[in-house]
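Trainee: A predicted structure for the sequence below; I have some questions about it.
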2 protein chains.
Amino acid sequence: MKDLHSINRLIEAFEELPSIGKKSATRLALSIAKDKFKALKLINAIEDVVANIKECEICGNFSEHEICDICASENRDKTLAIVENSKDIMIIEESGSYNGYYFVLTHIDDEVIQKLREIIKDKEIKEVIFAFPPSVESEARSLYIEDKLKDLNIEFTQIAQGVPTGVHFENVDVNSLAKAIKLRFKL
Amino acid sequence: MKDLHSINRLIEAFEELPSIGKKSATRLALSIAKDKFKALKLINAIEDVVANIKECEICGNFSEHEICDICASENRDKTLAIVENSKDIMIIEESGSYNGYYFVLTHIDDEVIQKLREIIKDKEIKEVIFAFPPSVESEARSLYIEDKLKDLNIEFTQIAQGVPTGVHFENVDVNSLAKAIKLRFKL
C-alpha cells in the first residue's frame, strides 16, 4: 500500500526469513500491525535470542552457555554425529533416537580437523557418524574427513539412505530407492 | 531443546502468528538465532510498525496518519466498499479493480451505522458495495445494513459469487457453483 511504509518494510523483513513468500510475509506483517501486544512479545523474544544464544565452543550447536548441555554432559554415548547445522541436532534430539555427542560442520580446514581430534580424544569417542542428508558432496566430505582421521582407532559410519515411512516409491528419488534395495536386511 | 529457553520462547511467539505451525516457527526462530543482523532488522521493522501504524479515523484501514491516503483523496469514485478487514483493502487495491472508498466493518451497532451515514454524506457516495467473502452471515449483515440505510438515496450491491479462474468445478463449493450458474451473463 502506498502510504504504509512501515508495513511494507516489515513485509520485506519477513520475506528475508526462510520459506516466507510475499503472501505469508504480508499476512504476518498485518497480524502484527493489528495486535501490538503480540508485536511487543515477539520483539522481546527476538531480543532475548539475540542476547542469549551463542554457539557452543566445542560442537558449534546453539547454546545459552559457552559449552552446550550436550557437550557438558558426561552421560552420552561415546559416539560423535557430524551434522550440517544446529537445526539437524534439534531434529535428531527430538526423535529420541540418538544419545551421543554432535559436531556442526560448517566447513573443512586443518583447524576443524584438529578440533574433531580433540573432541574424539576428550570424549573417548569410539564411532564417528556422518549424519548428512545424502548427496554426492556429503559423501565426498565424509570420505575426506575419514581419511584425515584414519590414524585414530575409531569406527566411521554414515546414516542409512532409503525409503522414508509412508512415502510411495514414485515420490522417492532413484538413488534412495537403489540404496534401500542394496541395504536391505533380514526380518 | 532443553537448554535453549530463549529459542523455545521465540518459537512460541512465532506460533502465535497466523498460519505458522510448530515446524515453520522452529525454522524462523533458528534462522534468527543464526543471523543476528537479520534479527535486529526484524526488531526494528516491528518497532516501526508498532510506533507508526494506526487505524484511519474514518474507515478503520491501517494508516500512518490520522486519516488514510484513500479517505484523504478527493479523486476516488463515489462508491463505498464495506470490507471485513484492512487486509482485504490491501488485496483489492493491489488488484487495481476498484477506485472508490472503503469501510472496515468490525462489528455493527448504532455508532457504526451513524459513521457510515456520515461517510456517505461527506463523500457523496452513490453506491455501497458489500465486499465480504460469501457466507450466510455476511449476507445477513449486508441486508441489516441496507435496511438501516434504506432512507438514503443510494444503491446497494454485493460482489459476485462464482467460480474463480482456473479452479475446477470439483474444487468449488456447491453454493458458488449454483450462484455462478444463476448469475450467468451473455458473451
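Mentor: Great, that's in hand. Residues are numbered from 1 along each chain as shown, chains lettered A, B, ... in the order given.
Trainee: how is chain A carved up into domains?
Mentor: A:5-52, A:77-158 (automatic domain parsing).
Trainee: and among those, the most buried is which?
Mentor: Highest mean neighbour count of those: domain A:5-52, a mean of 18 (counted as mean count of other CB atoms under 10 Å in any protein chain shown). Quick note: C-beta positions are derived from backbone N, CA and C, even for glycine.
Trainee: quick revisit: make TSV out of the domains of chain A and add distance to chain B and mean pLDDT.
Mentor: Formatted as TSV, those follow (distance: least, CB to the nearest CB, whole Å; pLDDT from 0 to 100):
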stretch	distance to chain B	mean pLDDT
domain A:5-52	4	94
domain A:77-158	5	93
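Trainee: Other residues contacting stretch A:74-92?
Mentor: Applying CB atoms under 8 Å, 6 or more residues apart in numbering or on different chains, the contact partners of stretch A:74-92 are A:55, A:59-62, A:70, A:98-106, A:116, A:119-120, A:123-133, A:138, A:142, A:145, B:1, B:26-27, B:30, B:33-34.
Trainee: if we can go back for a sec, B:F14 is nearest to which of the domains of chain A?
Mentor: domain A:5-52 (7.4 Å; CB to CB).
Trainee: First residue to last residue on the closest one, what's the distance there?
Mentor: 31 Å (CA to CA, to the nearest Å).
Trainee: One more: stretch A:144-159?
Mentor: Using CA to CA, the two ends of stretch A:144-159 sit 17 Å apart.
Trainee: Just the residues contacting it, thanks.
Mentor: Outside stretch A:144-159, the residues that touch it by CB under 8 Å, 6+ apart are A:82, A:105, A:108, A:113, A:116-117, A:120, A:125-132, A:139, A:142.
Trainee: now swap in stretch A:12-20 and tell me
Mentor: A:21-22, A:24-25, A:28-29, B:24, B:27-28, B:31-32, B:38, B:41-42, B:44-46.
Trainee: Which members of the contacts of stretch A:144-159 are positioned in strands?
Mentor: Residues of the contacts of stretch A:144-159 located in strands (DSSP state E): A:I82, A:E127, A:V128, A:I129, A:F130.
Trainee: just the strands in chain A please.
Mentor: For chain A, the strands defined by DSSP E cover A:54-55, A:62-63, A:79-83, A:101-104, A:127-130, A:155-158.
Trainee: Alpha carbons only: can I get the fifth one in CSV?
Mentor: Coordinates of the C-alpha atoms in strand A:127-130 are reproduced here as CSV (Å, rounded to 0.1, in the frame of the first residue of the first chain):
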residue,chain,number,x,y,z
GLU,A,127,32.5,-44.1,16.4
VAL,A,128,32.1,-41.1,14.2
ILE,A,129,28.7,-41.0,12.4
PHE,A,130,28.3,-38.9,9.3
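Trainee: Give the burial count for the residue nearest to A:P134 when sequence neighbours are not counted, as a bare number.
Mentor: Leaving aside its chain neighbours, A:P134 sits nearest to A:Q161 (4.4 Å; criterion: CB to CB, 6 or more residues apart in numbering or on different chains). A count of nearby residues for A:Q161, using other CB atoms under 10 Å in any protein chain shown, gives 18.
Trainee: what's in contact with the lengthiest helix in chain A?
Mentor: Ranked by residue count, the top helix of chain A under DSSP state H comes out as helix A:36-52. With contact meaning CB under 8 Å, 6+ apart, helix A:36-52 is reached by A:31-33, A:64, B:5-7, B:9-10, B:12-14, B:16-17, B:29, B:32-33, B:36, B:39-40, B:42-43, B:46-47, B:49-50.
Trainee: same deal with stretch A:25-35?
Mentor: For stretch A:25-35, the surrounding residues in contact (CB under 8 Å, 6+ apart) are A:7, A:10-12, A:14-15, A:20, A:38-39, A:42, B:17-20, B:46, B:49-50, B:53, B:62, B:86-87, B:90.
Trainee: make it 7 Å
Mentor: A:7, A:10-11, A:14-15, A:38-39, B:17-19, B:46, B:49, B:53, B:62, B:86-87 (CB atoms under 7 Å, 6 or more residues apart in numbering or on different chains).
Trainee: Between these, which sits nearest A:A178?
Mentor: Distances from A:A178 to the contacts of stretch A:25-35, taken by CB to CB, are shortest for B:S19, at 37.6 Å.
Trainee: Next, that closest one: phi, psi?
Mentor: The phi and psi values for B:S19, taken as degrees, to the nearest 10, are phi 60, psi 20.
Trainee: how far away is it from A:A29?
Mentor: Distance of B:S19 to A:A29, computed by CB to CB, to the nearest Å: 13 Å.
Trainee: Check A:S63 too.
Mentor: Remark: distance between A:S63 and A:A29 (CB to CB) = 31 Å.
Trainee: Return the distance of stretch A:160-170 from the chain's centre.
Mentor: Its chain's C-alpha centre and that of stretch A:160-170 lie 21 Å apart, by CA atoms, centre = their mean, to the nearest Å.
Trainee: What residues sit buried inside it?
Mentor: A:Q161, A:G162 (16 or more other CB atoms under 10 Å in any protein chain shown).
Trainee: Can you check the distance spanned by that stretch, start to finish?
Mentor: With CA to CA as the measure, the first residue of stretch A:160-170 is 20 Å from its last.
Trainee: Contacts for it next, please.
Mentor: Counting by CB under 7 Å, 6+ apart, A:P134, A:V172, A:S176, A:L177, A:K179, A:A180, A:L183 sit against stretch A:160-170.
Trainee: Can you convert the strands of chain A into a markdown table and add a column each for distance to B:I154?
Mentor: Converted to a markdown table, the strands of chain A look like this (distance: least, CB to CB, whole Å):
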| stretch | distance to B:I154 |
| --- | --- |
| strand A:54-55 | 63 |
| strand A:62-63 | 60 |
| strand A:79-83 | 66 |
| strand A:101-104 | 66 |
| strand A:127-130 | 72 |
| strand A:155-158 | 73 |
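Trainee: Of those, which is nearest B:E94?
Mentor: strand A:62-63 (38.3 Å).
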